[in-house]
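[1] Task: produce atomic coordinates for the following.
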Amino acid sequence: MKQVALLAVFALTSLSASAFDHDYREWNTLLAKHVKVAPDGNSSRVDYRGMATDQVQLKSWLKTVSAVPEAEYKQWPKAQRLAFLINGYNAWTVELVLSKYPDLKSIKDIGSVFQSPWKKKFIPLFGQEIALDDIEHGLIRAPGAFDDPRIHAAVVCASIGCPMLRAEAFMADKLDSQLEDGMRRFLADSSRNRFDPASGKLQVSKIFDWYGKDFEKGHQGFTSLKATFGRYAGQLARTPEAQERIRQGDYKLEFLDYDWRLNDNASSGRR
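    Predicted coordinates:
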C-alpha cells in the first residue's frame with residue numbers, strides 16, 4: 001500500500017514537472033510577432049501597440065509562469081532555471097510597460113520619487129509578490145546561482161540603452177549560444193559600444209560601469225573588463241589594427257550615458 005502511495009506521488013510530481021512548457025511556445029509567438037529587429041541584427045524595438053492587442057495571451061502565459069512551484073523549479077536543470085527567469089523577467093517588464101502604455105516615454109515614468117519601477121512588487125512568483133529587481137539581483141545574479149555575466153545582454157529593461165530583446169525566447173537547449181550571441185550583438189551595436197581609433201576612446205554602455213564586477217570574477221572566463229572587451233574586439237572595431245589595440249588595452253575607457261527612452265517601435269521610425 002505504501003509503495004502504491006509513493007508511486008502515485010511520483011506520478012503527480014512527474015505530471016506537474018511536465019506541465020510547464022519549456023519550449024515557450026506562447027512567449028515565442030508574441031516575441032516573433034511584436035519584436036522588430038533592426039536590419040543589422042544588433043538592436044530591436046517592441047511594437048507595444050501590437051503587443052497590447054495580445055495582452056490577454058501575455059497575461060495567460062505569465063499565469064503559467066507564476067503557477068510553477070518553487071520546489072519544482074529547484075529540481076530543474078540549471079539552464080532550464082536560468083531560461084525561465086530571463087524569459088519571466090523580460091515578459092513581466094513588457095507587462096509593466098503595457099500597464100501604462102501609451103502614456104509613458106520611459107519605463108522610469110512608471111516609478112516615483114519613493115519607488116523605482118524595478119522595486120514595484122507586482123509579480124506573483126514562488127508564493128510571493130516580488131519585483132523585477134528580486135528576479136534579476138535576488139535570483140539571477142545571486143552568488144553561486146548561475147554566475148554568468150552574459151545575462152546582462154539578456155535581461156531587457158524596456159529602454160533603448162538596453163541590449164536588444166530577442167525575437168525568440170531563451171531555451172535551455174541553446175541557452176549558452178543565445179547568451180553568447182546576445183553579448184556579440186550588444187557589443188557590435190555602435191550606438192551603445194564603440195571604439196574610435198583616432199581619439200583612442202573606447203566608449204561602452206553604462207552597464208559595464210554598473211555591473212563591472214560581474215565581469216571580474218572569472219565566471220564563464222570573464223576575468224576583467226579589459227579581457228571582456230578584448231574577447232569581443234571583433235565586434236567593437238572593424239579593422240585588425242583597431243581590434244588589436246583593444247586586445248592590448250590601448251584605449252581610454254569611457255562609459256556612455258544610458259538612454260532610458262522606451263524601446264518602442266512606434267517612436268523609432270522603423271516598421
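[2] Contacts only, for residue 220.
    147-150 (C-beta atoms under 8 Å, 6 or more residues apart in numbering). All C-beta atoms are positioned from the backbone trio N, CA, C, and that covers glycine.
[3] Could you tell me which of those belong to helices?
    Among the contacts of residue 220, no member falls in helices (DSSP state H).
[4] Among those, name the ones in strands.
    If you go by DSSP state E, those have nothing in strands.
[5] List only buried entries from those residues.
    147-150 (16 or more other C-beta atoms under 10 Å).
[6] ok, which pair from those is furthest apart?
    Using C-beta to C-beta, the two most remote members of these are 147 and 150, lying 10.5 Å apart.
[7] If you count neighbours, what's buried in the longest helix along the chain?
    Counting residues, the longest helix found in the chain (DSSP H) is helix 78-98. Neighbour-count burial for helix 78-98 flags 79-98 (criterion: 16+ other C-beta under 10 Å).
[8] Show me what the mean pLDDT comes to for that helix.
    Helix 78-98 shows a mean pLDDT of 99.
[9] Can you show me the strands along this structure?
    35-37, 44-46, 123-125, 128-130, 194-196, 201-204, 252-255.
[10] Adding distance to residue 226, mean pLDDT and mean neighbour count as columns, could you present those in CSV?
    Shown next, in CSV, are those (distance: least, C-beta to C-beta, whole Å; pLDDT from 0 to 100; neighbours: other C-beta atoms under 10 Å):
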stretch, distance to residue 226, mean pLDDT, mean neighbour count
strand 35-37, 30, 98, 18
strand 44-46, 29, 98, 24
strand 123-125, 36, 99, 19
strand 128-130, 35, 98, 13
strand 194-196, 13, 98, 18
strand 201-204, 10, 99, 20
strand 252-255, 9, 99, 13
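[11] Reformat the ones you listed as TSV; add distance to residue 58.
    Formatted as TSV, the strands of the chain follow (distance: least, C-beta to C-beta, whole Å):
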stretch	distance to residue 58
strand 35-37	13
strand 44-46	12
strand 123-125	13
strand 128-130	18
strand 194-196	34
strand 201-204	33
strand 252-255	34
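[12] How is the protein partitioned into domains?
    22-190+258-271, 193-255 (automatic domain parsing).
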